[in-house]
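Enquirer: This is a predicted model, with the sequence first.
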Amino acid sequence: MKHVFLCGNPALDLACTLRARRTERFETLDTADRLEAWYLESGLVDAVSSCGEADLAQAVAVREAIYALVAARLAGDGYDGEALALVNETAREPAAAPQLTAAGRWVEATPAQVLSTVARHAIELLSGPEVPLMKECANPECTKIFIDRSRGGRREWCGMESCGNKIKAAAYRARKKEAQAAGAR
């Protein structure tokens, strides 16, 4: 399975691995192998040691904590103490460290090191200048949160290929149907 990285920050991309949180939830990290694939596809590391069930459970817990903190920040609410403690505790662990090799940069890590790196990204995001750029996708069925770095700051969708095209096509069909109904009168 190829994972999608549309959010503009690894912490947001991890938080959005559980899709459609308000409707029919879709879990993309349902096995340790998929977590391992996410770590590699995210570009945070070039190699990661094998992920086990405990690594998956920890990653899901941190993902939910990050989502809770981001959602609270967007709503202007205070942070949940347990979520805050978990993200901070995870960030205190050693992070993935790049190495210089004859071929260039190489990052090899354990699952815990990659998760620590993601937690650090969450802390930097939630305490940094990009907080005002965070938005939730305008598709009511989508719960992805992304960083809007568009020129005018008017990006509405997590991605045009996924949500944007669906909503625009549905609006077009509705307008066309309405016009046909008006013409039939």
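Expert: Perfect, thanks for sending it. Residues are numbered from 1 along each chain as shown.

Enquirer: what about this protein, any weak spots by pLDDT?
Expert: For the chain, applying pLDDT under 70 flags the ranges 1, 160-162, 164-174, 176, 179, 185.

Enquirer: can you list contacts of the longest helix along the chain?
Expert: Across the chain, the longest stretch assigned as helix under DSSP state H is helix 53-75. The contact list for helix 53-75 (Cβ atoms under 8 Å, 6 or more residues apart in numbering) reads 11-12, 14-18, 21, 29, 31-32, 35, 51, 78-80, 82-84, 86-87, 90, 111-112, 115, 118-119, 122, 125-126, 131, 134-136, 145. The C-beta positions use only the backbone N, C-alpha and C, and glycine is treated the same way.

Enquirer: Can I have the buried ones of those as a PyMOL selection?
Expert: Applying 16 or more other Cβ atoms under 10 Å to the contacts of helix 53-75, the buried members can be selected in PyMOL as follows:
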select buried, resi 11+12+14+15+16+17+18+21+29+32+35+51+83+84+86+87+90+111+112+115+118+119+122+125+126+134+135+136+145
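
Enquirer: quick one: which of the contacts of helix 53-75 sit in strands?
Expert: Judged by DSSP state E, the contacts of helix 53-75 include 18, 134-136, 145 as members of strands.

Enquirer: Output those in CSV, with distance to residue 158 appended to each entry.
Expert: Below are the ones in strands among the contacts of helix 53-75 laid out as CSV (distance: Cβ to Cβ, whole Å):
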residue, distance to residue 158
18, 14
134, 12
135, 9
136, 9
145, 8
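
Enquirer: which of these lies closest to residue 151?
Expert: Closest approach between the ones in strands among the contacts of helix 53-75 and residue 151, by Cβ to Cβ: residue 135, at 14.8 Å.

Enquirer: Quick check: the closest residue to that closest one other than its chain neighbours vs residue 132, distance?
Expert: Leaving out its chain neighbours, the residue that sits closest to residue 135 by Cβ to Cβ, 6 or more residues apart in numbering is residue 148, at 5.0 Å. Using Cβ to Cβ, to the nearest Å, residue 148 is found at 9 Å from residue 132.

Enquirer: Give me the more crowded residue out of the two.
Expert: Counted by other Cβ atoms under 10 Å, residue 148 and residue 132 do not tie: residue 148 has more neighbours, with 15 against 9.

Enquirer: looking at it, that one is touching residue 131, isn't it?
Expert: No: counting by Cβ atoms under 8 Å, residue 148 does not reach residue 131; the two are 11.6 Å apart.

Enquirer: Near residue 88, how many other residues are there?
Expert: 13.

Enquirer: err, residue 96, not the other one
Expert: 22.
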